[in-house]
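K.L.:
A predicted structure for the sequence below; I have some questions about it.
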Amino acid sequence: MRMNKLIKILVVSNDPILFLLEKEGYQCSFVQDEYQALLTLDSNSFDVLILDWPNNGDGLLDIMSKLQEMRIILTSARFISSTTVPSFVDRIILRPYSFEDLLAIVKELT
């Protein structure tokens, strides 16, 4: 198991596969919606944001544009055109996806 104790991930999604990130040694905070994410960001810093989009986060994405040091991964059940995704988003992964694919993206970004 790769230990990533210094890598903190904020997950704004209810996808149960994302809980596997903790088994890989990442420090994860799981929230259900934009409001909880904003409260969490007020008192914590994170290296990566994984956001279920567009189900969550239009307002959150506006705030993320100001936090350039955070890497952002969007998950979505439908195709997202590159013209609708803000330029500060690092990666998009379409559901259903494998945990291995998601983990590879997280490792690449961190």
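P.N.:
All right, it came through fine. Residues are numbered from 1 along each chain as shown.

K.L.:
just give the nearest non-adjacent residue to Asn44, would you?
P.N.:
Leaving aside its sequence neighbours, Asn44 sits nearest to Ser29 (C-beta to C-beta, 6 or more residues apart in numbering; 6.8 Å). C-beta: built from backbone N, CA, C; applies to glycine.

K.L.:
in the chain, which spans are strands?
P.N.:
8-12, 27-31, 48-52, 71-76, 91-94 (DSSP state E).

K.L.:
need the contact list for the residue nearest to Asn44.
P.N.:
By C-beta atoms under 8 Å, 6 or more residues apart in numbering, Ser29 lies in contact with Lys8, Ile9, Leu10, Val11, Thr40, Asn44, Phe46.

K.L.:
pull out the buried residues from those residues.
P.N.:
Neighbour counting by 16 or more other C-beta atoms under 10 Å classes Lys8, Ile9, Leu10, Val11, Phe46 among the contacts of Ser29 as buried.

K.L.:
returning to that earlier point: could you dump the contacts of Ser29 into TSV and include pLDDT?
P.N.:
Listed next are these as TSV, based on pLDDT from 0 to 100:
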residue	pLDDT
Lys8	95
Ile9	96
Leu10	94
Val11	95
Thr40	90
Asn44	90
Phe46	93
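
K.L.:
ok, these vs Asp52, which is closest?
P.N.:
Closest approach between the contacts of Ser29 and Asp52, by C-beta to C-beta: Val11, at 8.8 Å.
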